[in-house]
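1. this one's sequence-less:
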């Protein structure tokens, strides 16, 4: 069955790793959290019209101008994410959980008295806010029709072996696909019968974060108008390891035995954006706020590699082949969408307050830029990928609601946030319920605690065949997070 099997290791991996960038990457770096402190988390994240919390430096920096004394805060957080995944057509879910401890925020604020009498005070702030947490484990298993080798055949057909791309070239070297005709080395087959059922599983481990360095300045004009700006410098670190397994499930197939395909990806990068905002104190009770965030321009680097183990039987003899790709690297840029935020707050003297915030962004405006690449195919894939973003994503309206009740030195909080799905298909919105409390233990020290629970649904495809999902996995994702903020006034 096998012909033209000669070593191609030195030449098949020349093309760039084009399918390393996906629509999901654009979503990952655009779908951000806004509540890095326990106070903001307990209120659902909607503090834009009130301020006086370090988290607003990443949402509405005008709120920095409401801080009267120098302040240092830091927020340790514990996050646990549970993923329940079901392969299409099956009823038994598989659940995996991943927990991690991190610092969600650390920052300093320095108020000062301006020279002009019209300005009540100004303030400078600097620190880090965590905007996204990528830690997750996914696992599913079951028997269904089709094989990932169909994708590799689809990618390889019409291309000679010495010009195969990163993924299908590895499959050819491991003999998962082959040339059946020694006179035509551009036509490929696999070892599967059409419509054959296969037992499959996949284990995915993800980790990393999106942290933003914020440098902000704000002013308070006559206790009526606050304005501020933040230069945001995000730092991205993302790692993913995917281990995909297929085993023979159809006794009528005398050839295929098993394959294991492992993909390793590490993405790192940094970017820059600008956020400007204002708060208008209409009267002592009512405040409104607005902010606009420019797109974030991010430079990213993917480091990647793959391994494939493939075994089959031929003429009563078992064969196995293991191949590992060389380490690959791809540098590129992407741009996230604009964001517009409107907010309002009602303050009830010393009894507490209510807050509401609405955020609009259009995910279709996210764009990849492969101008640094030298491979001609990169430009074609850039255009295709940006078109996929326009076709698959949509605009979204995110709402954040919260309230605080004050009782002597204690504070009790609750909040709810709802984020519309970035995808144009009928996906459920992401809901987050939160509660929290805080206390001033002295004039110089305060502490806040919060718990939030986020529930979302999604669809995952381990591979794509002829631009259509080869398999479909339904996911129910639950994330529980505990935050504890320590604050010091000086």
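-> Noted; the coordinates are in hand. As the structure is a computational prediction, the values presented were derived from the model and not from experiment.
2. Need the three-state assignment for residue 90.
-> coil (DSSP: H, G, I helix; E, B strand; the rest coil).
3. Begin at 167 from now on, thanks
-> That works, and once the first residue is 167, the last one we named lands at residue 256.
4. That one contacts residue 308, doesn't it?
-> Yes. Applying CB atoms under 8 Å as the test, residue 256 and residue 308 come out as touching, 4.4 Å apart. Heads up, the C-betas are built off the backbone N, CA and C, glycines and all.
5. Adjacent strands (with direction) for the helix or strand containing residue 376?
-> Taking DSSP states H and E as the definition, residue 376 sits inside strand 363-387. Strand partners for strand 363-387, identified by DSSP bridges, are recorded as strand 285-299 (antiparallel), strand 302-311 (antiparallel), strand 391-414 (antiparallel).
6. one step back: and residue 256 and residue 308? Which one has more around it.
-> Between residue 256 and residue 308, residue 308 has the larger neighbour count (other CB atoms under 10 Å), namely 20 against 15.
7. Read off the pLDDT value for the more buried one.
-> For residue 308, the model assigns a pLDDT of 92.
8. Residue 415 versus that one, what's the distance?
-> Distance from residue 308 to residue 415, counting by CB to CB, to the nearest Å: 10 Å.
9. Next: residue 389.
-> Applying CB to CB to residue 389 and residue 415 gives a distance of 72 Å.
10. Looking at these two, which has the bigger crowd around it?
-> Each of residue 389 and residue 415 has its neighbours counted (other CB under 10 Å); residue 415 has more, 16 against 13.
11. OK, contacts around the more buried one?
-> 309, 363, 364, 365 (CB atoms under 8 Å, 6 or more residues apart in numbering).
12. now these in CSV, with distance to residue 583 and neighbour count?
-> Listed next are those as CSV, based on distance: CB to CB, whole Å; neighbours: other CB atoms under 10 Å:
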residue, distance to residue 583, neighbour count
309, 39, 14
363, 42, 16
364, 41, 23
365, 40, 15
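13. tell me the two of these that are most distant?
-> Using CB to CB, the contacts of residue 415 span at most 7.8 Å, a distance reached by 363 and 365.
14. Quickly list what's touching both of the two.
-> Common neighbours of residue 363 and residue 365, counting by CB under 8 Å, 6+ apart, are 309, 415.
15. Contacts only, for residue 313.
-> So residue 313 contacts 356, 358, 362, 364, 412 (CB under 8 Å, 6+ apart).
16. One more pass at 10 Å, please.
-> Residue 313 makes contacts with 319, 342, 356-359, 362-364, 366, 412, 422, 425, 629, 631, 636-637, as judged by CB atoms under 10 Å, 6 or more residues apart in numbering.
17. ok, now residue 516?
-> 572, 574.
18. So it: helix, strand or coil?
-> What three-state DSSP gives for residue 516 is coil.
19. Go through stretch 253-265 and flag the buried ones.
-> 253, 260, 262, 264 (16 or more other CB atoms under 10 Å).
20. Nearest residue to residue 554 in space, ignoring adjacent ones along the chain?
-> Excluding the flanking residues, the one nearest residue 554 by CB to CB, 6 or more residues apart in numbering is residue 189, at 5.2 Å.
21. mind checking the backbone torsions on that neighbour?
-> Main-chain dihedrals, residue 189, degrees, to the nearest 10: phi -60, psi -40.
22. Cross-check the contact I'm expecting between it and residue 532.
-> Yes. If you go by CB atoms under 10 Å, residue 189 and residue 532 touch, sitting 8.7 Å apart.
23. what is in contact with these two at once?
-> 552, 555, 556, 559, 588.
24. returning to what we had before: so what sits against both of residue 308 and residue 415?
-> Contacts common to residue 308 and residue 415, judged by CB under 10 Å, 6+ apart, are 364, 365, 366.
25. from the residues you listed, which single one is nearest residue 273?
-> residue 366 (46.3 Å).
26. ok, now which ones touch the closest one?
-> 253, 306-310, 312-314, 410-413, 415, 425, 628, 637.
27. Any stretches of this structure with poor pLDDT?
-> 167-186, 416, 418-419, 538-543, 592, 632-635 (pLDDT under 70).
28. what's the longest helix in it?
-> Secondary structure of the chain per DSSP state H: the longest helix is helix 542-558.
29. Next, the buried residues of that helix.
-> 544, 547, 548, 551, 552, 555, 558.
30. can those go into CSV with extra columns for distance to residue 501?
-> Below are the buried residues of helix 542-558 laid out as CSV (distance: CB to CB, whole Å):
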residue, distance to residue 501
544, 17
547, 17
548, 12
551, 13
552, 10
555, 11
558, 17
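31. Pick out the most distant pair among the residues you listed.
-> Maximum pairwise distance in the buried residues of helix 542-558, criterion CB to CB, is 20.5 Å, between 544 and 558.
32. residues making contact with stretch 604-614?
-> Against stretch 604-614 from outside (CB under 10 Å, 6+ apart): 203-208, 219, 235, 237, 239, 241, 570, 572-579, 602-603, 615-616, 649-656.
33. What residues of it count as buried?
-> Those would be 604, 612, 614, for stretch 604-614 by 16+ other CB under 10 Å.
34. Nearest to residue 493 among those residues?
-> residue 614 (44.4 Å).
35. So between residue 189 and residue 532, which is more surrounded?
-> Set side by side, residue 189 and residue 532 show more neighbours around residue 532, with 24 against 20, by other CB under 10 Å.
36. Chain neighbours aside, what residue packs nearest to the more buried one?
-> residue 192 (4.1 Å).
37. related to what we said a few turns ago, now the buried members of the contacts of residue 313.
-> In the contacts of residue 313, burial by neighbour count holds for 319, 342, 356-358, 362-364, 366, 412, 422, 425, 629, 631, 636-637, counting by 16+ other CB under 10 Å.
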